[in-house]
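J.: everything below, folded, please.
(chains A, B and C)
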Amino acid sequence: MSAGLLEASDLVRHYQVRKGGRLFGENATLRAVDGVSFSLQPGRTLGLVGESGCGKTTTARLVLGLLPLTSGEIRLEGEVLPATQSKRWRDLRRVMQMVYQNPLAALDRRIEVGRQVMEPLAIHGIGKSKAERRDRAMAILESVGLQAHHFIRYPHELSGGQRQRIVLARALILEPRLLVCDEPISALDVSIQAQVVNLLLDLQAKMGLAYLFISHDLRMVRQVSHEVAVMYLGRIVERGDPDRLFTAPAHPYTQALVSAIPVATRTRRQRLILKGDPPNSVDIPAGCAFHARCPMAVARCRSETPALRALEDGRQVACHLAAAS
Amino acid sequence: MFRSADQPLIDIRGLTVDFDTGQRVVRALHGVDLAITSGESVGLVGESGSGKSVTWLAALGLLGGQARIRGEVRFDGRNLVGAPARDLEAVRGARIAMIFQDPASSLNPVYRIGRQLCEALALHRGLTGTAAQAEATRLLDRVGIADAQHRLRDYPHELSGGMNQRVMIAMALAGQPEILVADEPTTALDATIQAQILELLQEIRRDSAMTLVLISHDLGVVAENTDRVCVMYAGRIVEDAPIDAIFDRPAHPYTSGLLAALPELEGPRRRLVAIPGVVPEPWNLPRGCSFAPRCPRVETACEAGMPPSFQVEEGHRAACLRAGSLVA
Amino acid sequence: MIGFLAHRLLRALLTIFLVVTFAFFVLRLSGDPALLIMSVDAPPEAVAAFRKAWGLDQPIWMQYGAFVVHALTGELGNSMRDGRPAIQLVLEKVPATLALTVPALVLKIAIGVPAGIYAALRRNSFADRLTMLLSVAGFTMPSFVLALLLVLVFSVQLGWLPSSGIGGVVNMILPIITLGAAGAAILARFTRSAMLEVLGQPYIRAAQAKGLSWRRVVTEHALPNAAIPTTTIIGFMIGTLIAGAVVVESVFAWPGIGRLLVVSVASRDLAVVQTILLLVAATMVVSNIVVDVVYGWIDPRMRTAPK
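T.: Modelled structure (predicted):
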């Protein structure tokens, strides 16, 4: 693959935890992210899906350098991501920005939202005067669908959707190349979600942004993504074109995930219901992590961990049985 | 008691709820009418603050001292609104059971699962001792919890969210209620666990002919699990129709708007049609129809007053002045 | 559990050791016992002899080493003022102090907990506001002020109760009320907020939805949960049973540990002060361990990690 905007190779993030209680439990390793690789081209969107605890948020934080890697490498525009909090890392933050699930928590409730949008310019020393920075902030507010009078509002005076627009404006004012969106619409009401998703698509078309879009909502992920990666217990189990991946999922976990989505139509599909809960990231089963819940597991799945490999249609799947089906 | 086939099991009429916060009185519910017949499964869909949970909490008298409730909730020949505490207690759990959004915190953290189940069994069925233990084990088994006898000795924090919701369902079944109100039962759960829980609710309904009220913000969840949908907006039911009618011929512009705003998982990708504007705050509702400021089909008459509910067809009503013309 | 207790015990011993060490140096560096105990005009030879007799002529590190070695063998030294073993002197006074602090603790719990529960259940009512007003008054008022007020009203004006001294139960009433009032106020406020927190939890509504009467929801579901944080405060109060009455004992001239401490500090009666502090630290630390154990017993979440 050609050098893209973002190259993540074999990202690993482990935590040492105590097992089974408070003080004298034995040490164990929590494998939050366990060998994740992907690349992202400018102007494209990679959707990251999976259930809680699968490591998608940890991956996002690793990509931004907010968490140190246990091993692996991240390249941004060809350059290896420097150590967190280093001077170079802070400079690079201009290129990559993040949007969180809860916009109210991401904003300072005592400061006018317009000034919060201007702030990154001052931090990075962009713009000659305060007036110039103010003009830029006004322009970016307009491009996220807000009006001049919103500039002097406080976060609590805005609706959830408007707050998320402010967060977007603040992230975009530095003209980043990469926007990491962690569940950016989950906290919003259904009728507002579509507004924000449309805005994200418009901004991408206009500014050539790349998105790492994290969500548990598969329908929204399909709506925005050029490529989708499905994560289970810290690993990517399937990756590929969203239309193909969601219409004919190859990995049994993707199949279960897709069939679990309630659809707002009357055509009821055959549903694949998984047994049990996902194991936690400390007790990841040997072999394929999914084998205990997998309806198709064979002996090999218990002993041998499947690697991601390409199928004929260009998709990648980490399942011993996928090619046969 | 005799009840004719089409006489509703529960009949909510003009239910209004005001919350007195001390500084101001906020109206959360503006006269909800909802009649449900025995064995029906009804979904309540709406965004946060639309009043879907408040309707049922008010009906069961669970809103606490700050709520002022008016209107009628006719159940079994009595009006539950303003009924004495003793009467309401006899209805709760025994006739109408309710399960909630966050299963882990809906169970008391200091008691074992078994004790909490047996409490319900003693209350509603007079079971104690080994009889209660046996029935509790059977109920856990019924809701698909493996190794039920041992799980009775677990505390809620030792179980996953999905398991706790199964326990809540078992506890609801303990009273053998006629109506089960499930308030966002899967919102806090992951997709694959949500599918498990919804499947379980369907299975129970098939076996027991229980009436199901499913409250959800997710039109998909309601579509797959109920026969009839009530769409709520700003404290009112704006459309009430069989599932098929909602998708084929939505009569209220809010319902059509919600459908157009949802992305699909299959078929060609199309740009979503968003509903412009924001949900009005309950203390700042527009005059007339609450949806008028966001409505693509608004006309001057909409701002004159809240439109009454129009019958669009048999079993399909909508609170929109243009409801008739939308269908035609 | 064994491991947990062993760990806590080690930390407890370390705490006690630090307290006693701190006291040892502060006492010796802040005044010369020989000059304080001997009369001011005592001949220098007598003072020197006194110093030698008590080992005060040694370098302070040597004194400390000797103290630690002795303390480890259970030998806490003798009182400089009357020559008896300090431990004996201190233990003699314990019953008198407990005679005040134990009833006071009972009073705190008996008034504070029910008042807090009642206020929470009647939130924003007149009774709630009154309880909270009294509670603020109770814990903002210094205990010597309250003690003097009580003496003024009940001893001086009404002449019902003695203002100080020892004797019968009548002598204990005012000190006990003084000690109990502030604790009851704190406990009421704390119980109220713990109760309000619990009443807002989803499981309370779920218990109601189950069909339980409000009385049963409160007694069987709310109270056991509100008891968890309240227990911590009560445990802390148990830790102050020995040392919590210094001011009150002084005001009412009650011959307990508190008054012994005040007198001993003033005269730098080193062994006695050290013994009292050791005892106080030990009760504090033990009560903390007891709280932790009780905590684990009433809150199952503390016992096991999620599976």
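J.: ok, the spatially most central residue of chain A - contacts?
T.: Nearest to the geometric centre of chain A sits A:Ile214, at 2.9 Å (CA atoms, centre = their mean). Neighbour list for A:Ile214: A:Gly47, A:Leu48, A:Val49, A:Lys56, A:Thr57, A:Thr59, A:Ala60, A:Val180, A:Cys181, A:Asp182, A:Glu183 [criterion: CB atoms under 8 Å, 6 or more residues apart in numbering or on different chains]. Placement of C-beta: from N, CA and C, glycine included.
J.: rerun at 10 Å
T.: Residues near A:Ile214 by CB atoms under 10 Å, 6 or more residues apart in numbering or on different chains: A:46-50, A:56-57, A:59-60, A:99, A:101, A:180-184, A:186, A:221, A:231.
J.: pull out the buried residues from those.
T.: A:46-50, A:56-57, A:59-60, A:99, A:101, A:180-184, A:221, A:231 (16 or more other CB atoms under 10 Å in any protein chain shown).
J.: same list, those, but only the ones touching chain B.
T.: Restricting the buried ones among the contacts of A:Ile214 to those near chain B by CB under 10 Å from any CB of the partner chain leaves A:Val49, A:Gly50, A:Val221.
J.: returning to that earlier point: go through the contacts of A:Ile214 and flag which are in strands.
T.: Filtering these for membership in strands, criterion DSSP state E, returns A:Leu46, A:Gly47, A:Leu48, A:Val49, A:Val99, A:Val180, A:Cys181, A:Asp182, A:Met231.
J.: so which of those residues comes closest to chain B?
T.: Among the ones in strands among the contacts of A:Ile214, A:Val49 lies closest to chain B (CB to the nearest CB), at 9.2 Å.
J.: residues contacting that closest one?
T.: Contacts for A:Val49 (CB under 10 Å, 6+ apart) come out as A:56, A:213-218, A:220-222, A:225, A:228-231, A:238, A:242, A:245-246, A:254, A:257-258, B:191.
J.: just the ones of the residues you listed in strands?
T.: Those of the contacts of A:Val49 lying in strands (DSSP E): A:Phe213, A:Ile214, A:Val228, A:Ala229, A:Val230, A:Met231, A:Glu238.
J.: any idea what the residue nearest to the centre of chain A is bridged to?
T.: A:Leu48, A:Asp182 (DSSP bridges).
J.: residues from chain C in reach of chain B?
T.: C:122-125, C:198-216, C:220-222, C:224-225, C:227-228, C:298-301, C:303-307.
J.: nearest residue to B:Asp321 in space, please, no chain neighbours.
T.: No, residue B:321 isn't Asp; it's Leu. Setting aside the residues directly before and after it, B:Leu321 is nearest to B:Pro307 in space (CB to CB, 6 or more residues apart in numbering or on different chains), at 4.7 Å.
J.: I'd say that neighbour and B:Ala301 touch.
T.: Yes. Between B:Pro307 and B:Ala301 there is a contact at 8.3 Å, judged by CB atoms under 10 Å.
J.: tell me, what's touching those two both at once?
T.: Common neighbours of B:Pro307 and B:Ala301 (CB under 10 Å, 6+ apart) are B:Gly288, B:Cys289, B:Ala292, B:Leu321, B:Arg322.
J.: which ones are touching the fourth one?
T.: By CB under 10 Å, 6+ apart, B:Leu321 lies in contact with B:288-289, B:292, B:297-299, B:301-302, B:304-305, B:307-308, B:310.
J.: need the pLDDT of it.
T.: pLDDT for B:Leu321: 90.
J.: and it, how close does it get to B:Ala94?
T.: B:Leu321 is 42 Å from B:Ala94, where distance means CB to CB, to the nearest Å.
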